[in-house]
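Q: Pasting the sequence and the predicted model now:
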Amino acid sequence: MNFPQSSRGFTLIEVMLAMTLLSIMVVLLFASLRISSESWNAGETKVAQVNEKAVVYQFFKRQLTNVRPLWDDFSDSERHFSFQGERDWLQFVSLFPTSAGRKGLQLFEISPKKMEKDVIIVKLSPFYPTEENREWREEEEVLLEHVAEFRLEYFEPADDGGGRWVDNWRDRDNLPALVKIRIGLEDESYWPDMIFPLRLAAPTESALLNPDFPDMPDFEAQEGDR
């Protein structure tokens, strides 16, 4: 009886060569996956940083541009103007949107605070002590984490139409024309200075009569365009 001739098998060298090539392909595949994963994580981190900065910017833009020049006339202590500012501390009165659930004017206090991470906090309390507002006690929320620098400056307009930046706005009876905010993060990512106009900050009469004084922006028209 004739048996069919068995097919020739792989030699040891061929098997080792195939295993080597397979190992190289697996290494390249995992390296590509690792690079893709790192790129994805870096992209996600960048998007999160941009979103975080956008949230902080929108908060300051919404609240500072709507600052109210009010006096604390109902306090038992000495009468004070509601807007007070220092180099790293700011207090003002503004209005929360209706959707926030807090009615009436709110007193904001913004300052850095050292915790497990250096943060910027916002303290919020009703400005007018009415019966309706008694249910709203002072709240403290973290606005931003991993903060390395927080600096405030205030623009003081001059009668001749110019002005200067100062880092203290205490014991005054008016609002600054502009507020500049500088924030630096621990990761040293780029964050440009933010400058916000205070809509109800009125320049002096002599400044208004100066032809070199810059025109005040038409905020009502800007709001209507949005």
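A: Here it is on my side, so go on. Numbers count the residues shown, from 1 in each chain.
Q: where does residue 25 fall, helix, sheet strand or coil?
A: helix (DSSP: H, G, I helix; E, B strand; the rest coil).
Q: How many residues are close by it?
A: 10 (other CB atoms under 10 Å). C-beta here means a position set from N, CA and C on the backbone, and glycine is covered the same way.
Q: do the same with residue 143
A: 17.
Q: what does the model give it for pLDDT?
A: pLDDT recorded at residue 143 is 92.
Q: which strands and helices sit next to the host helix or strand of it?
A: Taking DSSP states H and E as the criterion, residue 143 maps to strand 139-144. Using 3 or more CB pairs under 8 Å, 6 or more residues apart in numbering; DSSP states H and E, the elements in contact with strand 139-144 are helix 12-64, strand 118-126.
Q: Now do the next helix or strand after the longest one: which elements does it pack against?
A: For helix 12-64, the succeeding helix or strand toward the C-terminus, using DSSP H and E, is strand 84-85. Other elements packing on strand 84-85 under the criterion 3+ CB pairs under 8 Å, 6+ apart are strand 90-95.
Q: Can I get the strand it packs on as CSV, trimmed to CA atoms?
A: Provided in CSV are the C-alpha atoms of strand 90-95 (Å, rounded to 0.1, in the frame of the first residue of the first chain):
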residue,chain,number,x,y,z
LEU,A,90,-12.8,92.1,45.4
GLN,A,91,-16.3,92.9,46.7
PHE,A,92,-19.2,94.1,44.7
VAL,A,93,-23.0,93.9,44.2
SER,A,94,-24.4,92.4,41.1
LEU,A,95,-27.5,90.5,40.0
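Q: what angle sits between that strand and strand 118-126?
A: Computed by axes from the mean of the first three to the mean of the last three CA atoms, to 10 degrees, the angle separating strand 90-95 from strand 118-126 equals 50 degrees.
Q: From the contact counts, what lies against strand 90-95?
A: By 3+ CB pairs under 8 Å, 6+ apart, strand 90-95 packs against helix 12-64, strand 84-85, strand 105-114.
Q: so what strands line up beside that strand?
A: Paired strands of strand 90-95, with direction, are strand 84-85 (antiparallel), strand 105-114 (antiparallel) (DSSP bridges).
Q: Can you tell me which of those strands is most buried?
A: strand 84-85 (a mean of 19; mean count of other CB atoms under 10 Å).
Q: picking that back up, could you export the strands paired with strand 90-95 to CSV, including columns for distance to residue 68 and mean pLDDT?
A: Below are the strands paired with strand 90-95 laid out as CSV (distance: least, CB to CB, whole Å; pLDDT from 0 to 100):
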stretch, distance to residue 68, mean pLDDT
strand 84-85, 13, 96
strand 105-114, 6, 91
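Q: For residue 60, which of the ones you listed is the nearest?
A: Nearest of the strands paired with strand 90-95 to residue 60, taken as CB to CB: strand 105-114 at 8.7 Å.
Q: related to what we said a few turns ago, go through the strand holding residue 143 and flag the buried ones.
A: With burial defined by 16 or more other CB atoms under 10 Å, the residues of strand 139-144 counted as buried are 143-144.
Q: Now do that strand and strand 118-126, the angle between them.
A: Using the same axes, to 10 degrees: strand 139-144 against strand 118-126 is 150 degrees.
Q: going on from strand 139-144, what's the next piece of helix or strand?
A: Next along from strand 139-144, by DSSP H and E: strand 147-157.
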